[in-house]
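*Asks:* Sequence first, predicted model second:
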Amino acid sequence: MPARRDTSYHPAMTSDTGTDEVWVVGGGVIGLTSAVALAEDGHRVRVVSRDAADATTSAVAGGLCWPYRIRPYERAVAWSVRSFEVLSGLARRPEETGARLVTGTMAGAAPGDDDGLSAWYAAVPGLRPARPDELPPGTAAGWRARTPLVDMPAHLRYLERRLTAAGGTLERRAPASLEEAGRTASVVVNCSGLGARELVPDPEVRPVQGQLVIVANPGVREWFVAADGGAADTTYLLPQPYGLVLGGTAREGAWSREPDPAVAEAIVARCAGPFPEVARARVLAHRVGLRPSRSAVRLEAERLPGGTWCVHNYGHGGAGVTVAWGCADEVVGWVRRILGGPGREQADGPGREQADGPGREQADGPGREQPGGPGREGAAESGPG
Ligand SMILES: Cc1cc2nc3c(=O)[nH]c(=O)nc-3n(C[C@H](O)[C@H](O)[C@H](O)COP(=O)(O)OP(=O)(O)OC[C@H]3O[C@@H](n4cnc5c(N)ncnc54)[C@H](O)[C@@H]3O)c2cc1C
């Protein structure tokens, strides 16, 4: 986490709107994590969210820290590594934070060198090939690791408490536009997920529907994932305190949030292949969520029509939980550059120049300064999200 900064430096005078309040639009995992990072960096933060946290896609997520269906992979892996570190720290207090470290198996062979995921496999502490006796029936190869697994409803509640403790506020409201938000805020941080489709508007953001079945856990203690990133049907089991999460699906362009009974039956049958004991497990709940998918995560700053800066942070597809803390660091970097203060001295580079420069309509993010920045195409493909 960035160090808490001296609020006496807080430069309200640099705001075009005469306020020093940063508005974060969106109260899912991306918005709340960004808001916490900003509030703990010394900013006055207000989260404005159309939905309560437990009604967001983030609350549906299985909660495994593993990049899946997110682009561009170079930035996604860097963000995931950072989040892995933060979530591992939070896992020391699972009751409070919802995060735990759980051992599991990612089915499949090692990614090739030209696959974006090879950097992730190299970065996960202790990741190693599974021995044959560690693989469930029908699984030819896999990788073993101890990774963060997050109980998302509990984690979202934790983030809300942590935000409030840092002086931030939460409001249930949907501004008519980012421009409207920018009339009151010093900076707008747009974390509206799939809502960005209308709010920006950005037709590039599209839903990838995912369905899950929650069953009473018949004794599965480890997570297991067999998911080809391009496939519409995946197989995964994630033991959560509230039940065993069985997944899943990835239906591009599907908008329904209604569970389909036939799909649920197929999910249970797929999971019962490697883990026969789940076939007769009692079903506790059905869940459907819409992943906010985009050709590339949009994490950059632009000036809104009214002149206020907006930092966009949306389009995290199937990996919002996995990348939230890495993305939040970049949001803090952007807001420091825009508002000034101690961060200015630390934040040299093109992003700062462009964000500060009058008349510049769009600015490249810190990611552009990282090796293999966002110009590259590619996707991190395997995982549960
Ligand atoms: C079945 C399933 C399983 C998944 N499993 C995993 C996993 O294991 N690991 C992982 O990393 N990821 C997983 N994901 C992906 C993850 O859920 C998403 O990437 C993540 O939730 C995106 O977070 P978000 O905050 O951007 O969006 P959301 O959670 O959708 O939040 C968007 C917020 O914006 C608000 N909003 C929208 N429009 C407006 C507006 N106009 N005004 C005000 N507020 C607005 C909403 O109310 C909401 O608060 C899974 C997704 C699904 C569907």
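*Replies:* Thanks, I have the structure now.
*Asks:* Give me the spatial nearest neighbour of R294, chain neighbours excluded.
*Replies:* Leaving out its chain neighbours, the residue that sits closest to R294 by C-beta to C-beta, 6 or more residues apart in numbering is G315, at 3.0 Å. For the C-beta atoms, the positions are set from N, CA and C on the backbone; glycine is no exception.
*Asks:* My guess is A254 contacts P207. True?
*Replies:* Yes. Between A254 and P207 there is a contact under C-beta atoms under 8 Å: 6.4 Å.
*Asks:* between these two, which one's more packed in?
*Replies:* P207 (21 against 18; other C-beta atoms under 10 Å).
*Asks:* and the more buried one, bridged to which residues?
*Replies:* P292 (DSSP bridges).
*Asks:* Report the contact partners of it.
*Replies:* P207 sits next to L194, E252, G253, A254, W255, L290, R291, P292, S293 when contact means C-beta atoms under 8 Å, 6 or more residues apart in numbering.
*Asks:* any idea where the strands of the stretch 51-200 of the chain begin and end?
*Replies:* All strands of the stretch 51-200 of the chain, identified by DSSP state E, counting those that start in this stretch, fall at 99-107, 128-129, 142-150, 169-172, 187-190.
*Asks:* what is in contact with A254 and P207 at once?
*Replies:* Taking C-beta under 8 Å, 6+ apart as the contact rule, the neighbours common to A254 and P207 are L290.
*Asks:* got the buried residues for stretch 98-116?
*Replies:* 98-102, 104-108, 111, 115-116 (16 or more other C-beta atoms under 10 Å).
*Asks:* same check, this time on stretch 287-305
*Replies:* For stretch 287-305, burial by neighbour count (16+ other C-beta under 10 Å) applies to 287-294, 296-304.
*Asks:* For the ligand, what's its nearest residue on the stretch 1-150 of the chain.
*Replies:* The ligand sits closest to G28 of the stretch 1-150 of the chain, with a gap of 2.3 Å, by C-beta to the nearest ligand atom.
*Asks:* what separates that residue from R221, distance-wise?
*Replies:* To R221, G28 is 29 Å away according to C-beta to C-beta, to the nearest Å.
*Asks:* same question, G138
*Replies:* Going from G138 to R221 by C-beta to C-beta gives 19 Å.
*Asks:* circling back to that earlier point, lowest-confidence member of the buried residues of stretch 98-116, which is it?
*Replies:* Ranked by pLDDT, the buried residues of stretch 98-116 bottom out at D115 (76).
*Asks:* Spell out which residues of the stretch 201-350 of the chain are next to the ligand.
*Replies:* Taking C-beta under 6 Å from any ligand atom, the part of the stretch 201-350 of the chain that reaches the ligand is made up of 210, 212, 248, 289, 291-292, 314, 316-322.
*Asks:* Could you dump those residues into a markdown table with pLDDT added?
*Replies:* Shown next, in a markdown table, are these (pLDDT from 0 to 100):
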| residue | pLDDT |
| --- | --- |
| G210 | 98 |
| L212 | 98 |
| G248 | 96 |
| G289 | 98 |
| R291 | 98 |
| P292 | 98 |
| Y314 | 98 |
| H316 | 98 |
| G317 | 98 |
| G318 | 97 |
| A319 | 98 |
| G320 | 98 |
| V321 | 98 |
| T322 | 98 |
